[in-house]
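Chemist: The following comprises the amino acid sequence and a computationally predicted model.
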Protein chains: 2
Amino acid sequence: MSADGGFLEDTRSWLLTRRRGQVIFDAGEPAGLMYRVESGCVRLQINNPDGERQIVVFLFPGDLFGYEITDRVCSAEAVSDSTLRCWPVQAFLKSPQEQPRVTIQLLEAAQRRFGEMAEHIDKITHLPAKERVLWFLNGLLTCPGLPREGGRIHLPMTRLDIADYLGVAPETLSRILAGLEEDGYLRRDGRRDLELSPEGFPNARSEASLKLKTAHR
Amino acid sequence: MSADGGFLEDTRSWLLTRRRGQVIFDAGEPAGLMYRVESGCVRLQINNPDGERQIVVFLFPGDLFGYEITDRVCSAEAVSDSTLRCWPVQAFLKSPQEQPRVTIQLLEAAQRRFGEMAEHIDKITHLPAKERVLWFLNGLLTCPGLPREGGRIHLPMTRLDIADYLGVAPETLSRILAGLEEDGYLRRDGRRDLELSPEGFPNARSEASLKLKTAHR
DNA sequence: CGATCAATTGAAATCGTTCAACTGACGTGG
DNA sequence: CCACGTCAGTTGAACGATTTCAATTGATCG
């Protein structure tokens, strides 16, 4: 998920720390800095007028964000205490030296994010709640930035965060996790720690897809 | 939605036509050309392994797409017969003359798209089916590239396309449209034409939001 | 003008939400 | 260091919106 090619390192930057829940920037604000997560976890989200929240993506160490050129397109908040490295975007865009290399990097990062969001929409609309949760958990397992020992995961985010990411009521998420624990696929340890079964998950879709649905166009 | 600053015009390009339903490119393919819709309508979509489809965005005249640098992150197909202007992306990225100006344009286009997709996810997860349809119809009304005379719209896409965009069953969409017509908010004329009421829509959210929900964090 | 398939309509089933109550994890102050 | 309070998280039960399956209509095209 990280996208620096070493260019960023050569450029003036500085560190910032944000505490759990702190706002990094809000949708609509004029952009200035771009960030890379050094430690912790950040969420990009939409805060809609009805007071509801849609978390668009969780960002982990190595991930770049906030490289808007004009205005912020969504809000960013620290999920857990985090340290961020930041650069003034304008510096890149104006420097004829750095500009080409960096903007292409950013363009690629943006494309990658686009693909991930498209997948996100797809999962939310086509998967039932349980399989969304499994998808999320699998994503955690293959997330390079997340501190992890074996199948043991320390979640930086709350249940409500996860629910708002998956488009599910927190109660539903709770029931699903309880069910997975019941069936031996994981063990909950406090609010933040998960022990995922090494044998992997029910893999519900491979069964379901045997039904050989014929949609497609 | 359009994002050219005149730079593109100076660069070698050519026209392409695609018939309704034709594939423009598929997810995973190596990228080569980038496109601008000149006439017609294009959809970007995810074709998931279960044969289901999620339409991510409809593109209209003026819209740029396909500016991936490496691989296609989703598929593109013509919704209606369309003409497309295309450029080799590499030509921009290699030319020191054009590169800076164009990549910044593309970066901005990508950011705009990001914001729209985030909103799309938000609508899908937080709005009930009827309001999703109203949101879509309102979007059509404020879409500069769509041929329109007053409140009369000629839809380039099928009901199934719309359903796959909104994350709703086609039957549900059908019932909702019937209901809106029943209530005098629109008139259906064949499969492709809609006459939207000039007084606008029920504006369901403003009533609903009087309930003053207190979510947010 | 007829065939075909998109679109519509009906009825039943279901998954997830909602409302409400409870539990217990975590941190704070004594 | 332990007791206590608070709020995140969990559990229960009922409701309801949307899906699903099935049948029908009707628009569009050859």
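Modeler: Received it, and whenever you're ready, just let me know what you need. Numbers count the residues shown, from 1 in each chain, chains lettered A, B, ... in the order given.
Chemist: which residues does the residue lying closest to A:Ala163 once chain neighbours are set aside contact?
Modeler: Leaving aside its chain neighbours, A:Ala163 sits nearest to A:Pro170 (4.3 Å; criterion: C-beta to C-beta, 6 or more residues apart in numbering or on different chains). Backbone N, C-alpha and C define where each C-beta goes, glycine included. Listed by C-beta atoms under 8 Å, 6 or more residues apart in numbering or on different chains, the contact set of A:Pro170 reads A:Arg159, A:Leu160, A:Ala163.
Chemist: ok, and the closest non-adjacent residue to the most centrally placed residue in chain A?
Modeler: By C-alpha atoms, centre = their mean, chain A has its centre lying nearest to A:Phe58, at 1.9 Å. Using C-beta to C-beta, 6+ apart and skipping residues adjacent in sequence, the residue nearest A:Phe58 is A:Arg43, 5.5 Å away.
Chemist: Could you do A:Leu155 as well?
Modeler: Per C-beta to C-beta, 6+ apart, closest to A:Leu155 is A:Arg192, 5.0 Å.
Chemist: Kindly report the same for A:Leu106.
Modeler: A:Tyr67 (5.0 Å).
Chemist: What ranges in chain A fall below the confidence cut-off?
Modeler: Where chain A drops to pLDDT under 70, the residues are A:1-6, A:96, A:203-217.
Chemist: What are the buried residues along the helix of greatest length in it?
Modeler: The single longest helix within chain A, with elements called by DSSP state H, is helix A:99-126. Buried positions in helix A:99-126, judged by neighbour count with 16 or more other C-beta atoms under 10 Å in any protein chain shown: A:99-100, A:102-115, A:117-126.
Chemist: Please name the residues that touch the residue nearest to A:Pro30 when sequence neighbours are not counted.
Modeler: Using C-beta to C-beta, 6+ apart and skipping the chain neighbours, the partner closest in space to A:Pro30 is A:Asp71 (5.8 Å). Counting by C-beta under 8 Å, 6+ apart, A:Asp71 touches A:Gly28, A:Glu29, A:Pro30, A:Ala31.
Chemist: Kindly report the same for A:Leu173.
Modeler: Taking C-beta under 8 Å, 6+ apart, one finds A:Ala129, A:Val133, A:Arg159, A:Ile162, A:Ala163, A:Leu166 in contact with A:Leu173.
Chemist: repeat for A:Leu137
Modeler: A:Leu186, A:Leu194, A:Leu196, A:Phe201.
Chemist: which among those residues gets closest to DNA strand C?
Modeler: A:Leu194 (11.5 Å; C-beta to the nearest atom of the strand).
Chemist: And what about the closest one, helix, strand or coil?
Modeler: strand (DSSP: H, G, I helix; E, B strand; the rest coil).
Chemist: Hmm, A:Arg187 and it touching each other?
Modeler: Yes. If you go by C-beta atoms under 8 Å, A:Leu194 and A:Arg187 touch, sitting 7.3 Å apart.
Chemist: between those two, which one's more packed in?
Modeler: With neighbours defined as other C-beta atoms under 10 Å in any protein chain shown, A:Leu194 and A:Arg187 compare such that A:Leu194 has more, 20 against 14.
Chemist: excluding its backbone neighbours, what's nearest the more buried one?
Modeler: Closest residue to A:Leu194 apart from its sequence neighbours, by C-beta to C-beta, 6+ apart: A:Ile153 at 4.7 Å.
Chemist: ok so the one you found is a helix residue?
Modeler: No. Checked against three-state DSSP, A:Ile153 lies outside a helix; its state is strand.
Chemist: and it, what are its bridge partners?
Modeler: Going by DSSP bridges, A:Ile153 is paired in beta bridges with A:Arg148, A:Leu194.
Chemist: residues touching it, list them.
Modeler: With C-beta under 8 Å, 6+ apart, A:Ile153 has these contacts: A:Leu140, A:Leu141, A:Leu146, A:Asp193, A:Leu194, A:Glu195, A:Leu196.
Chemist: Which of these sits closest to DNA strand D?
Modeler: The closest of the contacts of A:Ile153 to DNA strand D turns out to be A:Leu194 (C-beta to the nearest atom of the strand; 9.7 Å).
Chemist: which element is A:Leu134 on?
Modeler: Assigned by DSSP states H and E, A:Leu134 belongs to helix A:129-141.
Chemist: wait, A:Leu8
Modeler: Here A:Leu8 sits within helix A:7-10, counting by DSSP H and E.
Chemist: got it, and A:Gln54?
Modeler: Following DSSP H and E, one finds A:Gln54 within strand A:53-59.
Chemist: on contacts alone, who are the packing partners of that strand?
Modeler: On a contact count with 3 or more C-beta pairs under 8 Å, 6 or more residues apart in numbering or on different chains; DSSP states H and E, strand A:53-59 meets strand A:42-47, helix A:99-126, helix A:159-166, helix B:99-126.
Chemist: quick check, the helix or strand just after that strand touching chain B?
Modeler: Downstream of strand A:53-59, the next assigned helix or strand under DSSP H and E is strand A:64-65. No. Using C-beta under 8 Å from any C-beta of the partner chain, strand A:64-65 never reaches chain B; the gap is at least 10.4 Å.
Chemist: Strand A:64-65 pairs with which strands, and in what direction?
Modeler: Partners of strand A:64-65, by DSSP bridges, with direction: strand A:33-39 (antiparallel).
Chemist: In the partner strand, which residues are buried?
Modeler: For strand A:33-39, by 16+ other C-beta under 10 Å, it's A:Leu33, A:Met34, A:Tyr35, A:Arg36, A:Val37, A:Glu38.
Chemist: okay, the angle between the helix holding A:Leu134 and helix A:159-166?
Modeler: 100 degrees (axes from the mean of the first three to the mean of the last three C-alpha atoms, to 10 degrees).
Chemist: Next one: helix A:129-141, is it in contact with DNA strand C?
Modeler: Yes. Against DNA strand C, helix A:129-141 shows contacts by C-beta under 7 Å from any atom of the strand at A:Ala129, A:Lys130.
Chemist: Same question for stretch A:61-80.
Modeler: No. For stretch A:61-80, no contact with DNA strand C is found by C-beta under 7 Å from any atom of the strand; the gap never falls below 11.1 Å.
Chemist: And that stretch, end to end?
Modeler: 12 Å (C-alpha to C-alpha, to the nearest Å).
Chemist: What are the buried residues along it?
Modeler: A:61, A:63-69, A:72-80.
Chemist: Hmm, A:Glu149 and A:Asp193 touching each other?
Modeler: No. Between A:Asp193 and A:Glu149 there is no contact under C-beta under 8 Å: 10.6 Å.
Chemist: who has more neighbours, the two?
Modeler: A direct count of neighbours by other C-beta under 10 Å for A:Asp193 and A:Glu149 places A:Asp193 higher, at 12 against 7.
Chemist: what about the more buried one, distance to DNA strand C?
Modeler: Separation of A:Asp193 from DNA strand C (C-beta to the nearest atom of the strand, to the nearest Å): 7 Å.
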